[in-house]
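Enquirer: Here is the input, now give the coordinates:
(one chain, ligands or ions: 1)
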Amino acid sequence: MNSIKLVVLGSGCVGKSSLTIRYVHNEFIDKYDPTIEDMYRKVVELNGDHFMLEIMDTAGTETFLAMRDLYIRNGQAFMLVYSITSRTSFQELEQVKDQILRVKDVTVAKLPIIVVGNKSDLEPERQVSSQEGENLSSKWGIQFLETSAKTNMNITAAFEHLVAQVQKKTLGSKRKDRKRINFCQLLLHNRYHNHTNSNKDGHSNPNKIQS
Ligand SMILES: Nc1nc2c(ncn2[C@@H]2O[C@H](COP(=O)(O)OP(=O)(O)OP(=O)(O)O)[C@@H](O)[C@H]2O)c(=O)[nH]1
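Expert: Residues are numbered from 1 along each chain as shown. Here you go, the predicted model:
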């Protein structure tokens with residue numbers, strides 16, 4: 001079974017642990033307990049393929065920011081979370097996105113990433129409009145969803161969007177490998193036929209040393 005290393009990133013208290021626990025255990029925990037690092041596993045089936053999803057729930061607090069490079073280096077898919085009730089958490093995402101691109105040394109288009117605006121159930125406390133979330137994500141060329149770990153809105157969709165992106169990438173590279181193999185087989189096949197035909201026609205074998 002293929003494994004996928006998914007990293008959940010964002011400022012403190014935006015709901016990274018809550019999203020992860022909702023997805024993995026279908027529970028919502030009301031109390032706030034700052035994360036240092038937590039790893040969750042879940043088997044996911046998508047279009048007939050099974051994946052072992054390893055979700056790294058990272059710390060949002062400043063004290064552990066130095067660890068981020070390491071998580072990013074090991075990660076294959078990234079969930080960038082802000083809270084719709086905190087403009088600061090929204091503004092801080094740019095720095096996280098830039099850090100991913102710096103550590104991975106690729107463009108956004110090459111990476112499975114999603115921007116998630118969490119706590120969408122807290123409409124009266126909203127500080128970031130859905131349109132602003134949409135605008136930022138489309139500027140970066142990244143998929144965007146608003147979620148609520150509390151009401152379980154869009155949680156599966158957000159995680160499985162990333163799984164689907166990794167699946168697409170993996171299948172794409174397997175197809176490329178298969179094409180490369182087929183091309184090699186064709187080359188070898190042609191060389192074999194040219195070789196045997198030239199012998200039948202009475203021509204000299206180029207590989208044979210002439211006496
Ligand atoms: N109403 C509401 N509250 C939420 C939601 N998601 C998380 N919370 C609450 O927000 C607080 C912080 O949630 P966490 O999941 O611990 O946040 P975090 O981003 O993991 O925080 P750090 O570990 O500090 O990085 C908790 O009290 C949660 O119950 C949500 O979708 N709706």
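Enquirer: any idea how far Asn113 lies from Thr61?
Expert: Quick fix: residue 113 is Ile, not Asn. From Ile113 across to Thr61, the span is 22 Å (CB to CB, to the nearest Å). No exception for glycine: its C-beta is placed from N, CA and C like everyone else's.
Enquirer: And these two? Which one has more around it.
Expert: Taking other CB atoms under 10 Å, Ile113 and Thr61 do not tie; Ile113 has more neighbours (24 against 13).
Enquirer: List the residues that contact the residue nearest the centre of the chain.
Expert: Note on the chain: the residue nearest the mean C-alpha position is Ala77, at 2.1 Å, using CA atoms, centre = their mean. Listed by CB atoms under 8 Å, 6 or more residues apart in numbering, the contact partners of Ala77 are 4-7, 111-113, 162-163, 165-166.
Enquirer: which of these has the most neighbours?
Expert: Most surrounded of the contacts of Ala77: other CB under 10 Å gives Leu6, at 26 neighbours.
Enquirer: Which residue comes closest to that residue once chain neighbours are left out?
Expert: Excluding the flanking residues, the one nearest Leu6 by CB to CB, 6 or more residues apart in numbering is Ala77, at 4.5 Å.
Enquirer: What's the separation between the residue nearest to the centre of the chain and the ligand?
Expert: 18 Å (CB to the nearest ligand atom, to the nearest Å).
Enquirer: And for Val7?
Expert: Counting by CB to the nearest ligand atom - Val7 and the ligand are separated by 13 Å.
Enquirer: So what's the model's average confidence on stretch 60-72?
Expert: Across stretch 60-72, pLDDT averages out at 81.
Enquirer: In space, what's closest to Arg22 - neighbours in sequence excluded?
Expert: Leaving aside its sequence neighbours, Arg22 sits nearest to Ala149 (CB to CB, 6+ apart; 4.5 Å).
Enquirer: Tell me which helix or strand in this protein has the weakest average pLDDT.
Expert: helix 155-200 (a mean of 71; mean pLDDT, DSSP states H and E).
Enquirer: So which of the contacts of Ala77 is the closest to Asn154?
Expert: Leu162 (12.7 Å; CB to CB).
Enquirer: doesn't Val116 make contact with that closest one?
Expert: No. Using CB atoms under 8 Å, Leu162 makes no contact with Val116, being 10.2 Å away.
Enquirer: Find residues that contact each of these two.
Expert: Between them, Leu162 and Val116 share these contacting residues under CB under 8 Å, 6+ apart: Met79.
Enquirer: Now for the residue nearest to Arg22, how many residues are close by?
Expert: Neighbours around Ala149, by other CB under 10 Å: 26.
Enquirer: same thing with Lys119?
Expert: 26.
Enquirer: Same check on Thr107?
Expert: 9.
Enquirer: With Arg87 instead?
Expert: 14.
Enquirer: And it, how close does it get to Arg126?
Expert: 10 Å.
Enquirer: What of Ser120?
Expert: In terms of CB to CB, Ser120 sits 8 Å off from Arg126.
Enquirer: cool, and Leu136?
Expert: 15 Å.
Enquirer: again, but for Val115
Expert: In this view, Val115 and Arg126 are 16 Å apart by CB to CB.
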